[in-house]
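Q: After the sequence you'll find the predicted model.
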Amino acid sequence: MRRTLIAGNWKMHGLTADLSWVEAFHRAANPNAPCDVLVCPPFTLLAAFAARCTDKAIEVGAQDCGPAATGAYTGDVSAQMVADCGARYVITGHSERRAGHGETSEAVRTKADAALSAGLIPIICVGETLEDREAGRAEDVVSAQLHGSVPESVTGADVIVAYEPVWAIGTGRSASAEDAQSMHAHIREIWSRGRPEALRILYGGSVKPDNSAEILVGADVDGALIGGASLDPECFASIVNSVR
Ligand SMILES: O=C[C@H](O)COP(=O)(O)O
């Protein structure tokens, strides 16, 4: 049985004054919602955010990690450093890093491997552009990203995949529940690394309180990776509260 995961990705948002988000979220969220909750703040807030979440009602993750364990890599933050901050998860291969920082699937796989070595659970992101979808190659693009980005050694229970169609990110234009379910079923079908039934697959792209319940109903939709709507604690809590 796969437990739903509601994950927030703050992207490049958040200052120390925003740490009160944690208490505001707890005031608004149903503590018995049948899901795990994860927040990925920026590196600068990781340790302080994790220190406020010691009861583990909110798990903490980073938005990226460096491929190397340690060494002369100015500006990089290793997976081991992320774990040392109290985080358990790390996002790898978000489309904003693939597009904005030239990250290839091979680079994403190296980062996911580094995350696993540090005891973290990588959330490996895949997703097609609008051009890909309109050309009818969405499944092929996602298949290629998946095969290139997922380490050989994984089983399914030790990683998470996030399907995030690029055209739905921050645009207010979410994939339909049917399109999301269809791509998630495809990802599970082609999963060749162990136990596909154990793999949690999140949907990301303009998930809000008014569409979350509909999207999460898909049999292969095991949660959501939420950008903009995770910045507001009440809004994020509404999404958590919509999990059935
Ligand atoms: O990681 C989160 C996704 O990029 C979705 O962002 P969004 O909810 O702002 O569309």
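A: Great, that's in hand. Numbers count the residues shown, from 1 in each chain.

Q: Which residues are in contact with the residue in the chain that the ligand sits nearest to?
A: With Cβ to the nearest ligand atom as the measure, residue 227 is the residue of the chain nearest to the ligand, at 2.4 Å. Heads up, the C-betas are built off the backbone N, CA and C, glycines and all. Listed by Cβ atoms under 8 Å, 6 or more residues apart in numbering, the contact set of residue 227 reads 8-11, 169-170, 204.

Q: at 10 Å instead, please
A: 8-11, 13, 40, 94, 96, 164, 169-170, 204-207 (Cβ atoms under 10 Å, 6 or more residues apart in numbering).

Q: Could you check how far it is from residue 63?
A: Look at residue 227 and residue 63: by Cβ to Cβ, to the nearest Å, they are 10 Å apart.

Q: So which of the contacts of residue 227 reach the ligand?
A: When contact is defined as Cβ under 6 Å from any ligand atom, the contacts of residue 227 meet the ligand at 9, 94, 164, 169-170, 204-207.

Q: Could you tell me which of those count as buried?
A: By neighbour count, with 16 or more other Cβ atoms under 10 Å, those hold 9, 94, 164, 169, 204-207 as buried.

Q: in stretch 203-217, what counts as buried?
A: Buried-residue list, stretch 203-217, by 16+ other Cβ under 10 Å: 203-209, 211-212, 215-216.

Q: now stretch 179-187
A: 179-181, 183-184, 186-187.

Q: from the chain's centre, how far out does that stretch sit?
A: 16 Å (Cα atoms, centre = their mean, to the nearest Å).

Q: hmm, it touching the ligand?
A: No. Counting by Cβ under 6 Å from any ligand atom, no contacts exist between stretch 179-187 and the ligand, the nearest distance being 12.6 Å.

Q: just the helices in the protein please.
A: For the chain, the helices defined by DSSP state H occupy 21-28, 46-51, 79-84, 95-100, 105-117, 130-134, 138-149, 177-190, 212-216, 233-241.

Q: Pipe the ones you listed into CSV and attach mean pLDDT per row.
A: As requested, those are arranged in CSV below (pLDDT from 0 to 100):
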stretch, mean pLDDT
helix 21-28, 98
helix 46-51, 98
helix 79-84, 98
helix 95-100, 97
helix 105-117, 98
helix 130-134, 96
helix 138-149, 98
helix 177-190, 98
helix 212-216, 97
helix 233-241, 98
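
Q: could those go into a markdown table alongside distance to residue 159?
A: What follows is these, written out as a markdown table (distance: least, Cβ to Cβ, whole Å):
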| stretch | distance to residue 159 |
| --- | --- |
| helix 21-28 | 26 |
| helix 46-51 | 20 |
| helix 79-84 | 13 |
| helix 95-100 | 17 |
| helix 105-117 | 7 |
| helix 130-134 | 23 |
| helix 138-149 | 10 |
| helix 177-190 | 12 |
| helix 212-216 | 20 |
| helix 233-241 | 22 |
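
Q: count of neighbours near the spatially closest residue to residue 192 that is not a sequence neighbour?
A: Closest residue in space to residue 192, ignoring its immediate chain neighbours: residue 147 at 7.7 Å, by Cβ to Cβ, 6 or more residues apart in numbering. When counting by other Cβ atoms under 10 Å, one arrives at 15 neighbours for residue 147.

Q: Now do the contacts for residue 147.
A: 105, 109, 126, 190-193.

Q: switch the cut-off to 8 Å
A: Counted by Cβ under 8 Å, 6+ apart, residue 147 has contacts 105, 190, 192.

Q: Cool, thanks, signing off.
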